[in-house]
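Asker: here is my input, please return the structure:
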Amino acid sequence: MRCVIARYPFDLTKGGVVESMKGITPEPVTGESVTVGRRRYPVKQVGEVVTRQDRRDFSAGEVTRAMARLGFTCHAAPGAEPAPSASAVTPVEAASALLGGTPAPQDR
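Answerer: A predicted model of the protein is given here:
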């Protein structure tokens, strides 16, 4: 698959990425990550190994998109805020409850 990372085109394959990451010890995951084989790597580490470029030259999003298109499982940053649940109180509902309108869902 052809993809552009840090303004440079690369022809990547899933097998090629797996082969490149063989023998590489994963760094601690603090941001976005990708599972390659049985190991979970930070996306910046994978991007650096696969492209042989400095990590500051590309964003985590560029590598995440490329890895997802190749079929790897990508993970959000640990502690990233999940999508708001359906039972979350909207600002309008909270203001309405404060002004004596219908009670907010948690007060019901």
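Asker: ok, and what's touching the longest helix seen in the chain?
Answerer: Across the chain, the helix with the greatest residue count (assigned by DSSP state H) is helix 60-70. For helix 60-70, contacts defined as Cβ atoms under 8 Å, 6 or more residues apart in numbering pick out 1, 3-6, 10, 12-14, 17, 31-32, 34, 43-44, 46-47, 50, 74. For glycine as for every other residue, the C-beta is placed from the backbone atoms N, C-alpha and C.
Asker: what mean pLDDT would you report for it?
Answerer: Helix 60-70 shows an average pLDDT of 93 in the prediction.
Asker: likewise stretch 23-35?
Answerer: 93.
Asker: start to end distance for that stretch?
Answerer: 15 Å (Cα to Cα, to the nearest Å).
Asker: in that stretch, what's buried?
Answerer: V29, E32, S33, V34 (16 or more other Cβ atoms under 10 Å).
Asker: can you pull out the strands in this structure?
Answerer: With DSSP state E, the ranges of strands along the chain come out as 2-5, 8-11, 33-36, 39-42, 73-75.
Asker: can you redo the ones you listed as a markdown table with distance to G23?
Answerer: Shown next, in a markdown table, are those (distance: least, Cβ to Cβ, whole Å):
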| stretch | distance to G23 |
| --- | --- |
| strand 2-5 | 22 |
| strand 8-11 | 21 |
| strand 33-36 | 12 |
| strand 39-42 | 11 |
| strand 73-75 | 21 |
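Asker: what about L12, neighbour count?
Answerer: Using other Cβ atoms under 10 Å, L12 is surrounded by 18 other residues.
Asker: just the one 10 residues further on next, same as before
Answerer: Neighbour count for K22, taken as other Cβ under 10 Å: 9.
Asker: how about it, nearest residue that isn't a chain neighbour?
Answerer: Sequence neighbours aside, G37 is the residue nearest to K22 in space, at 7.9 Å (criterion: Cβ to Cβ, 6 or more residues apart in numbering).
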